[in-house]
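# here is the input, now give the coordinates:
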Amino acid sequence: MKLVIVGGVAGGATAAARARRLDEHAQIVLFERGEYISFANCGLPYYVGGAIRERSSLLVTTAEAFAARYRVEVRTLSEVRAIDRAGKSILVRSALTGEEYPEPYDKLILSPGAEPVKPPVPGLDREGVFTLRTIPDADRINAWIDAEKPSSAVVAGGGFIGLEMAENLVRRGIRTTILEKLGQVLPPLDPEMASLVHRALRRNGVRLELGDGLASVEGEGSGLVAITGKGARLACGMVVMSVGIKPENALAKEAGLALCDRGHIRVNAAMRTSDRDIYAVGDAVCVQDFVLGVPTATALAGPANKQARIAADNAAGKASVYRGTLGTAVVKVFDLAAASTGASEKTLKEADVPYLASYTHSGSHASYYPGAQTLAIKLLFSPGDGRILGSQIVGGEGVDKRIDVIATAIRARMRVSDLEELDLAYAPPYSSAKDPVNIAGFVAGNILKGDMEYIGWEDLPGLSGNHVVIDLREGWEIEATGTVPGAVNIPLRELRERLGELDRSKTYIVYCAVGLRGYLAHRILAQNGFASKNLGGGYTTYEASTDRP
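Numbers count the residues shown, from 1 in each chain. Next comes the predicted model:
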C-alpha cells in the first residue's frame, strides 16, 4: 500500500508516524511545501516575546530525523498543485527546481491546514504589517522589532493568537493596542466572561478598541497609521493581522471533494472525504460538534493529532472513528488564564437548545494556604436532566486543570450531580476539600432542584417596578467597589431581623460579592414566604460585565 500525505505539522506528521507503526511495509511519502515538517506553531508568539529563547526549540523534529525514525520519504519545499482522483495521483511542484511531476497513491491524507484571513484592507502590503502562522513569519517579526525598534503596535483581532501576540509584544516593551471588530475579545467566551479578560489586558497596559475593525493602513513619516472603521487613527510602528484563519481548501475544491458551508473539507467519522480513498484532517476539515451534533471546525492541535491517528488507522485498514470535538482551549493572558470547553451560551442560543447557567467564584486552593487565586467558572447545563453542555473558566492558576475535568465530564455525558460527587485530589497547596469543580456542581444542582432561582446580570435593566434589588454586602465593601444602581443595602447578618421591612408583594433580587451570601439570603427569604432570586455570579460578575471604559 502506498500512502501519500499532503502537509506536515500536527496533522500530516502524526498521520505518517501512526501509519508506519501500523504497517511496517507500506510506502509512505509526506509532502510539505515549507521547510519544516513539524514545528510548534502554538509557540510562535512566545518565541517573538522571548519566553522561548532558542529558535530550535520550536522544531518538534527535522525532516531528516523523522525520515530516519519512521522510514518515511519526506519531501519538503514541495507543493502539491492538484489531485487526479480518477488516476489516483497528485501533481507536485518542487520549489527548488520548478519541476512538476505526478505522484501516484493508493490512499491519500490531506492535512493542508489553514491560512490567515487577509481582508480587503488597503495597505496590508506595507512593510511593517505581519501575520503569524509559520516560523518564517516569526523570523520576519523579530527582524523588524530588532531593526526598527517600534515603540507601539496594533494587533488587529482579539482571538487566541491576537491576545498571545499582544502579551508578547508588551513583553518586548512595545505599547500595544488590540483592535477587535466584535464587542469582546475571545469569541468562544460569553461576554461576561470575556470582560474579565478585558480587565487583565487593560491592567497590563494593553489598549482595547472593541466594536471597531481595521479599515486601512497608511504610512506616516517613518511609521504606520492603522485607520479604523469608525475613523480613529492609531499611530504605530507595526501591525499584526490576527483576524482569523480560513481553510486551505483549494486542492480539495478543485478536485471536487465535498465541502461544508464555510469551505472546510467535509469528512465522516472515519475522517474520509467524499472520495473513499482520500482522508482529511486538521484545520481544513469540518467535523461534528460533540455537544450540538452539528458540523463545526476547530483549529486546534489536539483535535488535529487525534484526527490524524484515526485517518491513518482507516487508511491502513484498521477501523477507527472520531466522535466529535468539544473545542477545549486555554490561553494565557499575562497573569490570567481563560479556558472554554463545549457549548457557550451564545452557541446554545443560536442552536435553540434549552439550557441553564451557573456562576461560581472559587479559590484555586485552600484560602489559608498562601497564594490562592480566584477562578470564575460558568457552567452550562440542560434544564431537564442536568447534562453538562459547556463551561468557561477565567482566573489564575488551576484553570487548565478544572477545564480539563469538565471537558472529561462532558465527553462522558455526565450531569451536574456527577460534578458534586467527583473525588478530586486535595491538599492545601493544590485545591480545597470542595474543589471549584465540586462547587460548580453544587450551585448548578441547587438551581436544577429548585433550591435557588437565578437571574442574570443582563436581566437587571429590564426589571419591573415590582422588583427590589438588595445588596447583602457590608458597607465597606460597597464603598470599595460600588453597587447596582437603585439597590437597597441590607447586610446578610441583619436580614433575618429586618424581614419586617420587606413587602411580600415584591420580588427581591439579592446579591453579594460572588453569590454565596446571595444563596443564603435566598433560602432565608424563600422559607419566610418571600419571592426572591439570586444574581448569578454576584457583584463581581455584574461589575465586570457592565464595565465599559
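
# run through who's touching stretch 93-105.
Residues outside stretch 93-105 that contact it (Cβ atoms under 8 Å, 6 or more residues apart in numbering): 2-4, 29, 31, 33, 75, 77-79, 81, 84, 87-92, 277. Bear in mind the C-beta positions are built from the backbone N, C-alpha and C, glycine included.

# you'd agree Ser417 is in a helix?
Yes: judged by DSSP: H, G, I helix; E, B strand; the rest coil, Ser417 forms part of a helix.

# pretty sure it contacts Gly386?
Yes: between Ser417 and Gly386 there is a contact under Cβ atoms under 8 Å: 5.9 Å.

# out of these two, which sits in the busier spot?
The neighbour comparison of Ser417 against Gly386 (other Cβ atoms under 10 Å) goes to Gly386, with 21 against 16.

# show me the contacts for that one.
By Cβ under 8 Å, 6+ apart, the contact set of Gly386 is 415-417, 444-445, 448.

# quick one, grab the pLDDT at the residue lying closest to Ile161 once chain neighbours are set aside.
Leaving aside its sequence neighbours, Ile161 sits nearest to Ser242 (Cβ to Cβ, 6 or more residues apart in numbering; 4.7 Å). Here the pLDDT value assigned to Ser242 is 94.

# is Ser242 in contact with Ala156, as I believe?
Yes: counting by Cβ under 8 Å, Ala156 is a contact partner of Ser242 at 6.3 Å.

# find residues that contact each of those two.
Gly162.

# for the spatially most central residue of the chain, give its distance to Ala156.
Geometric centre of the chain, nearest residue: Ala329, 4.4 Å, by Cα atoms, centre = their mean. If you measure Ala329 against Ala156 using Cβ to Cβ, to the nearest Å, the figure is 21 Å.

# could you do Ile455 as well?
37 Å.

# those two - which one has more neighbours?
Per other Cβ under 10 Å, whichever of Ile455 and Ala156 has more neighbours is Ala156, with 27 against 19.

# how about that one: what's its closest non-neighbour residue?
Leu214 (4.4 Å).

# my guess is that neighbour meets Ala226, correct?
Yes: the pair Leu214 / Ala226 is scored as a contact, 5.9 Å apart, by Cβ under 8 Å.

# overlap of the contact sets of these two?
Residues touching both Leu214 and Ala226 (Cβ under 8 Å, 6+ apart): 154, 156, 179, 239.

# count of residues packed around the last one?
Right, Val239. Applying other Cβ under 10 Å, we find 27 residues neighbouring Val239.

# quick check: which element contains it?
Assigning secondary structure by DSSP states H and E places Val239 in strand 238-241.

# which residues touch that strand?
By Cβ under 8 Å, 6+ apart, strand 238-241 touches 116-118, 124, 128-132, 141, 144-145, 148, 150, 153-157, 162, 165, 169, 174, 214, 217, 224, 226.

# look up how far Arg504 lies from Asn528.
Distance of Asn528 to Arg504, given as Cβ to Cβ: 9 Å.

# could you pull out the strands for the stretch 251-400 of the chain?
For the stretch 251-400 of the chain, the strands defined by DSSP state E, counting those that start in this stretch occupy 265-266, 278-280, 285-288, 295-296, 329-333, 336-342, 356-363, 374-381, 388-395.

# can you tell me the closest non-neighbouring residue to Lys378?
Leaving aside its sequence neighbours, Lys378 sits nearest to Gln392 (Cβ to Cβ, 6+ apart; 4.6 Å).

# do the same with Gly398
Excluding the flanking residues, the one nearest Gly398 by Cβ to Cβ, 6+ apart is Ser364, at 3.9 Å.

# quick one, what contacts that neighbour?
372-375, 395-398, 431, 436.

# okay, the helix or strand in which Val217 is found in PDB with CA atoms only?
Taking DSSP H and E as the definition, Val217 sits inside strand 214-220. This file holds the C-alpha atoms of strand 214-220, laid out as PDB (Å, rounded to 0.1, in the frame of the first residue of the first chain):
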ATOM      1  CA  LEU A 214      -9.300  47.800  10.700                       C
ATOM      2  CA  ALA A 215     -10.200  49.800   7.600                       C
ATOM      3  CA  SER A 216      -6.800  50.600   6.200                       C
ATOM      4  CA  VAL A 217      -3.100  51.000   7.000                       C
ATOM      5  CA  GLU A 218      -1.300  54.100   5.800                       C
ATOM      6  CA  GLY A 219       2.300  55.400   6.100                       C
ATOM      7  CA  GLU A 220       3.100  58.300   8.300                       C
END
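
# which helices and strands sit right next to that strand?
Counting contacts by 3 or more Cβ pairs under 8 Å, 6 or more residues apart in numbering; DSSP states H and E, strand 214-220 is packed against strand 223-228, strand 238-241.

# as a markdown table, those strands with distance to Arg199 would be great.
Formatted as a markdown table, these follow (distance: least, Cβ to Cβ, whole Å):
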| stretch | distance to Arg199 |
| --- | --- |
| strand 223-228 | 22 |
| strand 238-241 | 22 |
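
# most packed of those strands?
When you average the neighbours per residue for each of the helices and strands packed on strand 214-220 (mean count of other Cβ atoms under 10 Å), strand 238-241 leads with a mean of 25.

# tell me the strands beside that strand, with direction?
Here strand 238-241 is paired, per DSSP bridges, with strand 129-131 (parallel), strand 152-156 (parallel).

# in terms of helix, strand or coil, where does Ile109 fall?
strand.

# okay, it and Arg20: tell me how far apart.
As judged by Cβ to Cβ, Ile109 and Arg20 stand 13 Å apart.

# re earlier: going through the contacts of stretch 93-105, which ones are buried?
3-4, 29, 31, 33, 75, 78-79, 88-90, 92 (16 or more other Cβ atoms under 10 Å).

# wait, which of these is closest to Ala284?
The nearest member of the buried ones among the contacts of stretch 93-105 to Ala284, counting by Cβ to Cβ, is Arg33 at 13.9 Å.
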